[in-house]
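Engineer: Pasting a predicted model and its sequence here:
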Amino acid sequence: MGFRSLRVINEDRVAPGRGFGAHAHRDMEILSYVLEGTLAHKDSMGHEERLNPDEIQKMSAGSGIVHSEFNGSATEPVHFLQIWIEPKSDGGAPAYEQLRLDTAAKRDKLLLLAGPDRVAGAAQINQDARVFVTEVSPGHTVAHDLQKNRHAWVQVVRGAVKVNGASLATGDAAALSKEEKLTITGEGSQPSELLIFDLN
């Protein structure tokens, strides 16, 4: 818990008809990424949405937001990651975005999910942090240059990979500092999905 501005990555599996009732947040950038199933979202800004795999949801809690997250199916479980990133400044108006991803754009390359700048297809967050997703094929390598004084967190969503020579599998993570480059090579017989955080 807590690496640079990355506060937590919560991995949740929610049974049909269950979820998290209305609760409040403030001064946090919250990203939700569904792996399987459907997540039903409702918040105090008036949004009532359904989040599916290959979509990214962003809530900038700012001065305060109340929201609830429930399994959107009466029969199937939902499996999702909820990521908290500390903002660079407190307060401000709450904000919400939900975007569908170009799945082909994450195959054997990095696809930007969220960052500090307004970029088509990615959510904007109040922090000098960039969040990428990639799906690495067995035997393929994806690389990312790290600028001076930048740090990386790599989260293996599913599969098996080598990250700068270290073997990681589903649920594993690696924190990297004082590295110039991040190199991810797919292992095993199936594609591997990862989230990569480029942090100041």
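Structural biologist: The structure has been received and is ready for your questions. Residues are numbered from 1 along each chain as shown.
Engineer: avg pLDDT for stretch 93-109?
Structural biologist: Averaging pLDDT along stretch 93-109 yields 96.
Engineer: what's in contact with that stretch?
Structural biologist: 43-45, 47, 49, 51, 54-65, 111, 113, 121-124, 133-137, 140, 142, 191, 193 (C-beta atoms under 8 Å, 6 or more residues apart in numbering). Backbone N, C-alpha and C define where each C-beta goes, glycine included.
Engineer: let's see 6 Å
Structural biologist: 45, 47, 49, 54-62, 65, 111, 123, 133-135, 137, 140 (C-beta atoms under 6 Å, 6 or more residues apart in numbering).
Engineer: Show me just the buried residues among the residues you listed.
Structural biologist: Neighbour counting by 16 or more other C-beta atoms under 10 Å classes 55-62, 65, 111, 123, 133-135, 140 among the contacts of stretch 93-109 as buried.
Engineer: In helices, which of those fall?
Structural biologist: Among those, no member falls in helices (criterion: DSSP state H).
Engineer: Break this protein into its domains for me.
Structural biologist: 6-100, 103-199 (automatic domain parsing).
Engineer: Contacts only, for the nearest residue to H25 once chain neighbours are set aside.
Structural biologist: Spatial nearest neighbour of H25, chain neighbours left out: A61 (4.1 Å); criterion: C-beta to C-beta, 6 or more residues apart in numbering. Taking C-beta under 6 Å, 6+ apart as the criterion, A61 is in contact with 25-26, 28, 94.
Engineer: Just name the closest of those residues to K148, please.
Structural biologist: M28 (27.7 Å; C-beta to C-beta).
Engineer: So that closest one versus L35, what's the distance?
Structural biologist: Taking C-beta to C-beta, to the nearest Å as the measure, M28 falls 22 Å from L35.
Engineer: One more: K109?
Structural biologist: 20 Å.
Engineer: got it, and S89?
Structural biologist: 31 Å.
Engineer: can you check I83 too?
Structural biologist: 13 Å.
Engineer: ok, these two, which is more surrounded?
Structural biologist: I83 (22 against 16; other C-beta atoms under 10 Å).
Engineer: sorry, back to before: out of the contacts of A61, which two are the most distant from each other?
Structural biologist: M28 and P94 (10.4 Å).
Engineer: returning to that earlier point: which members of the buried ones among the contacts of stretch 93-109 are positioned in strands?
Structural biologist: Mapping the buried ones among the contacts of stretch 93-109 onto strands (DSSP state E) picks out 55-60, 65, 111, 123, 133-135.
Engineer: any idea which of those residues is closest to I9?
Structural biologist: Out of these, the member with the shortest distance to I9 (by C-beta to C-beta) is V133, at 13.1 Å.
Engineer: so that closest one makes contact with L111?
Structural biologist: Yes - between V133 and L111 there is a contact under C-beta atoms under 6 Å: 5.3 Å.
Engineer: For Q155, see how far away N10 is.
Structural biologist: Taking C-beta to C-beta, one finds N10 at 12 Å from Q155.
Engineer: what about these two, which has more around it?
Structural biologist: Q155 (21 against 12).
Engineer: in the helix or strand encompassing the more buried one, what counts as buried?
Structural biologist: Using DSSP states H and E, Q155 sits in strand 151-158. In terms of neighbour count (16+ other C-beta under 10 Å), strand 151-158 has its buried residues at 151-157.
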